[in-house]
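> Return a 3D structure for these sequence lines:
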Amino acid sequence: MAWQSIPVPRLEGVSQEQFTQQLYPQRKPLVLEGIDLGACTSKWTVDYLSQVGGEKAVKVHVAAVAQMDFISKNFLYRTLPFDKLVQRAAEEKHEEFFISEDEKYYLRSLGEDPRKVMDNFLIQVTGKKRVVLFSPRDAQYLYLSGTKSEVLNIDSPDLAKYPLFSKARRYECSLKAGDVLFIPALWFHNIISEEFGVGVNVFWKHLPSECYDKTDTYGNKDPTAASRAAQILDRALKTLSELPEEYRDFYARRMVLHIQDKAYSKNFE
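Just a heads-up that it's a prediction; the model follows:
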């Protein structure tokens, strides 16, 4: 089936005041164009990055296909000098490789900082990306395992296995060098690099600091209230397991209806 996507709005010449006061409170993805990113968009070539990064050893994801699955782990972790990684990643075919001559490489970051519940600017410095996003309000259609969707091929999903996925609304955009994509916290995103490129992420906490675990410096954990609620729910489900199946099923369904009535926002589109 042909998937219809909602285009992510693109705006040029947005001031900091306009973004923070008018656009940011809407909590929806947005592509900002025409922002002065300095010389990096032209300077960060393969040769330049190789020279500056040097031989620093980095751990990279290596996969035989472009779609890396972070649930089933269809990739290997390998270590390469940074300059070699950049040179290989820019090649279509590799003379040296781990899996195959057309294997794909992904370097998440130069450090270990995979933040997941924070607001994010994805700055496309060089190259092109295709980004598909899903609202957190459609989480029930995404077949989540933890914070990730089990649906890997979002363009041709197995609807026999994932029938509800067709109900999820897709927001889509293409990023070119110089574009900045605002990704609000909790939005799910699927990113495909259409050519070799470099992206920089800038994260910040959306909620007041007291909403986060004080030991969670980088915003990797859920907000404290969400963690407590999940623990309470786990205890409630464990308590229900003491009942026979017929009773457990009935009262569990009542709990789901109660959550839908009391906890879900009534103002979503």
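
> any low-confidence regions in the chain?
1-2, 109-116, 217-219, 265-269 (pLDDT under 70).

> Tell me where it has helices.
Ranges of helices in the chain, per DSSP state H, are 16-18, 40-43, 46-53, 82-89, 224-240, 245-262.

> CA atoms only: put the fourth one into PDB for me.
Written as PDB, here are the backbone C-alpha positions of helix 82-89 (Å, rounded to 0.1, in the frame of the first residue of the first chain):
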ATOM      1  CA  PHE A  82      38.300   7.600  13.100                       C
ATOM      2  CA  ASP A  83      40.100   8.600   9.900                       C
ATOM      3  CA  LYS A  84      39.600   5.100   8.500                       C
ATOM      4  CA  LEU A  85      35.900   5.100   9.400                       C
ATOM      5  CA  VAL A  86      35.300   8.400   7.600                       C
ATOM      6  CA  GLN A  87      37.100   7.200   4.500                       C
ATOM      7  CA  ARG A  88      35.200   3.900   4.500                       C
ATOM      8  CA  ALA A  89      31.800   5.500   5.200                       C
END
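
> and the angle for that helix with helix 46-53?
With axes from the mean of the first three to the mean of the last three Cα atoms, to 10 degrees as the basis, helix 82-89 and helix 46-53 are set at 160 degrees to each other.

> Would you mark the buried spots in helix 82-89?
The neighbour-count check on helix 82-89 (16 or more other Cβ atoms under 10 Å) flags Phe82, Asp83, Leu85, Val86, Gln87, Arg88, Ala89 as buried. Quick note: C-beta positions are derived from backbone N, CA and C, even for glycine.

> List the buried residues of stretch 43-62.
For stretch 43-62, a neighbour-count test (16+ other Cβ under 10 Å) marks Trp44, Val46, Leu49, Ser50, Gly53, Val58, Val60, His61, Val62 as buried.

> Turn those residues into a markdown table, columns for distance to Asp216.
Formatted as a markdown table, the buried residues of stretch 43-62 follow (distance: Cβ to Cβ, whole Å):
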| residue | distance to Asp216 |
| --- | --- |
| Trp44 | 31 |
| Val46 | 36 |
| Leu49 | 31 |
| Ser50 | 35 |
| Gly53 | 29 |
| Val58 | 25 |
| Val60 | 26 |
| His61 | 24 |
| Val62 | 30 |
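
> Can you name the two of the residues you listed that sit furthest apart?
Farthest pair in the buried residues of stretch 43-62 (Cβ to Cβ) is Trp44 and Val62. Separation: 22.3 Å.

> For Ile154, see how far away the residue nearest the centre of the chain is.
Nearest to the geometric centre of the chain sits His189, at 4.1 Å (Cα atoms, centre = their mean). From His189 over to Ile154 the distance is 11 Å, taken as Cβ to Cβ, to the nearest Å.

> any common contacting residues for these two?
Common contact partners of His189 and Ile154 (Cβ atoms under 8 Å, 6 or more residues apart in numbering): Val132.

> Where do the domain boundaries of this structure fall?
5-210, 223-262 (automatic domain parsing).

> Most tightly packed of those?
When those are scored by mean count of other Cβ atoms under 10 Å, the highest mean neighbour count falls to domain 5-210 (a mean of 15).
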